[in-house]
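Student: Structure here, sequence nowhere to be found:
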C-alpha cells in the first residue's frame, strides 16, 4: 500500500514557465514533508520541506504548498530552468518517527 | 550539510557472492540509514544503522541478507549477501541529525548482479 503517491510519472514544461509537481499521501500521522531532486548517477538532493503547522514554504524559485485536509502537497518551480530537469521525489515522515516514506517520483523535463 | 562518501560507486557481481558498501561522513551524525532504489521504483528504507548496537531492520529486510555495521558516528557499512539478480539496485546511505531535519544522501552504489 503506497502511503505517498505521485500520480504523474513525467512532466514537460517550457523554460520560464511554472512547473507544478503534485504529491498525495494517505497516512494522517505524517507531519513533515520534503521534496528531493535526483539527477542520474547522483543521490537525492534535499530541496525544500514543510511541517504540518504551515501551509506554505518558499525558498527562492521553489515553493511547497500543503493542504492537510486533502492530504495533498505540491511543489511549484518558477521560473523553470533546463537545469531543473531531474526526477523529483516527495517524502513524508510521522512525528517522532525516523522512517521517511518516499513517493515513486516524477520526471520533470524543462524544454529550452 | 554533511559530505557523504559512498564506495564503491558501482559494481557488477556474480550471483552467490557478497558485496560490502561503505559510507563515510565528514562529521558526526546522529542517524544513519540505508535505502534501496530498485529499477524504476522509489526509495525503500532497508534499516537504521545504530551506533554500537544491532541495526533496526524494516519489514521485508533481514540481518542475514543485509548485515550492517556502524562502529562510530561517522561510518557505516552495508553488506549485500548471497546476491541474486533481484538484488540489482541502487543502494543509498543517508544521514540526519534530528527527527525534524531532512535526510542527506550519498551518491549511491549501483549494483548489478549477473
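Tutor: Arrived safely, thanks for sending. Everything numeric here is computed off the predicted structure, so don't read it as measured data.

Student: is residue B:22 in a bridge, and if so with what?
Tutor: Taking DSSP bridges as the rule, residue B:22 bridges to residue B:7, residue B:77.

Student: Oh, that last question was meant for residue A:62, not what I typed.
Tutor: With DSSP bridges as the rule, residue A:62 is bridged to residue A:59, residue A:77.

Student: Pull the number of nearby residues for it.
Tutor: Residues lying near residue A:62 (other Cβ atoms under 10 Å in any protein chain shown) number 17. All C-beta atoms are positioned from the backbone trio N, CA, C, and that covers glycine.

Student: Let me see the contact set for it.
Tutor: Applying Cβ atoms under 8 Å, 6 or more residues apart in numbering or on different chains, we find residue A:62 in contact with A:35, A:47-48, A:75-77.

Student: Which pair of these spans the longest distance?
Tutor: Farthest pair in the contacts of residue A:62 (Cβ to Cβ) is A:47 and A:76. Separation: 11.6 Å.

Student: More neighbours: the two, which one.
Tutor: More crowded of residue A:47 and residue A:76, by other Cβ under 10 Å: residue A:47, with 19 against 16.

Student: got the contact list for the nearest residue to the more buried one once chain neighbours are set aside?
Tutor: In space, and not counting its chain neighbours, residue A:47 is closest to residue A:35: 4.5 Å by Cβ to Cβ, 6 or more residues apart in numbering or on different chains. For residue A:35, the contacting residues are A:21, A:47-49, A:62, A:64, A:75, A:88-91, by Cβ under 8 Å, 6+ apart.

Student: got the residues of chain B near chain A?
Tutor: B:1, B:4, B:6, B:9, B:31, B:33, B:41-45, B:48, B:58, B:92, B:94, B:96, B:99-100, B:102-108, B:110 (Cβ under 8 Å from any Cβ of the partner chain).

Student: Can you select the buried ones from these in ChimeraX?
Tutor: The ChimeraX selection below is limited to those of the residues of chain B next to chain A classed as buried (16 or more other Cβ atoms under 10 Å in any protein chain shown):
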select /B:4,6,31,33,42,43,45,48,92,94,96,102,103,104,105,106,107,108,110
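
Student: Strands along the chain, start to end?
Tutor: Looking at chain A here, since you left the chain open. Along chain A, counting by DSSP state E, strands occupy A:4-5, A:10-14, A:19-25, A:30-38, A:45-51, A:56-59, A:62-67, A:72-77, A:86-94, A:101-102, A:106-111.

Student: Chain B, not that one
Tutor: B:4-7, B:10-13, B:19-25, B:31-37, B:43-49, B:56-57, B:68-72, B:75-80, B:89-96, B:104-105, B:109-113.

Student: residues near residue 27, how many?
Tutor: If you meant another chain, say so; for now it's chain A. 14.

Student: not what I meant, chain B
Tutor: What residue B:27 shows, counting by other Cβ under 10 Å, is a neighbour count of 12.

Student: Which residues are in contact with it?
Tutor: B:2-3, B:74.
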